[in-house]
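Colleague: Kindly generate the corresponding structure for this input.
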Amino acid sequence: MRKLCTGILLVTLIAFSSCKAKKELEACQGANQTLHADLNTCNTNLTNTTNSLNGKISDLNNQVATLTSQNAALSKDAMAYRELKDDLKARQDRLNAALAEQGTSLREIREKIIAGLSSLADSGIAVEFKNGFLYVTLPEALLFPPGSATLSAKAKTAISPLSSVLNNYPKVQIYVVGNTDDTKIHTAKFEDNWSLSTERANTIVRLMRDSYKVDPTRLLAAGRSKYNPVAPNTTKEGRALNRRIQIVLNPDLSKLWEMMEQ
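Modeller: Okay, here's the model as predicted:
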């Protein structure tokens, strides 16, 4: 009887142990499945993240390639710009050197004219650059009586030093242009403002040629009547500004431009 009880107890222990082991196995299998599921989720997330990062890397590589291409194009443009700038500077240097050699530097002429006419600084004389030319403006009051083309006594105080400067620059062409206001004139000597403005220019040209030995081949006389005003003709001051002689200095640059095109 004792042996029987011992056997039953042993069988019971084995059965209990077997059930416990089975439960532990099932628990382990469940945990293993959970781990596999978590691993699959991690792998999926890692794959998605990797694909996303690879896409961003690809976009960045494309941007780098685009920027590299643009930089190369800009570098090429910058080099072309530098070459053009250097070429223009070289051309300008050649032009300035040629101007200095020919003695036709308008800036130098301007400074000498201003110095030569310094005693008349308060008389309304103007010396200025415009459109590539040098303009010397002499008011009517300094040169002519009203409505006349006969030189006043003080006209030579302006024309003499001006001619002296210009004789030192034989390449410069000299255009003498007469201008009037819009007040109509009709006399035995002058049919209209055209006649007065033109004859005043002729008078200045003759004075420069005959009294101050300016080469006549350099001289040109013209009249613009009332059609080139610098101020409104509605006031006394404006009309006075419009009655003037303009001496336009134009350097002979034909040889220089030929040199620049080489």
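Colleague: all helices in the stretch 51-200 of the chain, in order from the N-terminus.
Modeller: Taking DSSP state H, counting those that start in this stretch, the helices of the stretch 51-200 of the chain run over residues 106-116, 140-143, 156-166, 193-212.
Colleague: okay, these in CSV with mean neighbour count next?
Modeller: (Glycine included, C-beta is placed from N, CA and C.) Converted to CSV, those look like this (neighbours: other CB atoms under 10 Å):
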stretch, mean neighbour count
helix 106-116, 16
helix 140-143, 21
helix 156-166, 19
helix 193-212, 20
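Colleague: mind checking how far the residue nearest to Val214 when sequence neighbours are not counted is from Phe133?
Modeller: If the residues on either side of it in the chain are set aside, Val214 comes closest to Met208, at 4.1 Å by CB to CB, 6 or more residues apart in numbering. Note on Met208: its distance to Phe133, by CB to CB, to the nearest Å, is 18 Å.
Colleague: same question, Tyr212
Modeller: Distance, Tyr212 to Phe133, by CB to CB: 21 Å.
Colleague: okay, now Thr49: neighbour count?
Modeller: Close neighbours of Thr49, defined as other CB atoms under 10 Å, add up to 10.
Colleague: ok, Leu67 - how many residues close by?
Modeller: There are 11 residues near Leu67, going by other CB under 10 Å.
Colleague: Okay, now the unreliable bits of the stretch 151-262 of the chain?
Modeller: Within the stretch 151-262 of the chain, the stretches with pLDDT under 70 are 252-262.
Colleague: Closest to the centroid, which residue in this structure?
Modeller: Geometric centre of the chain, nearest residue: Lys85, 12.7 Å, by CA atoms, centre = their mean.
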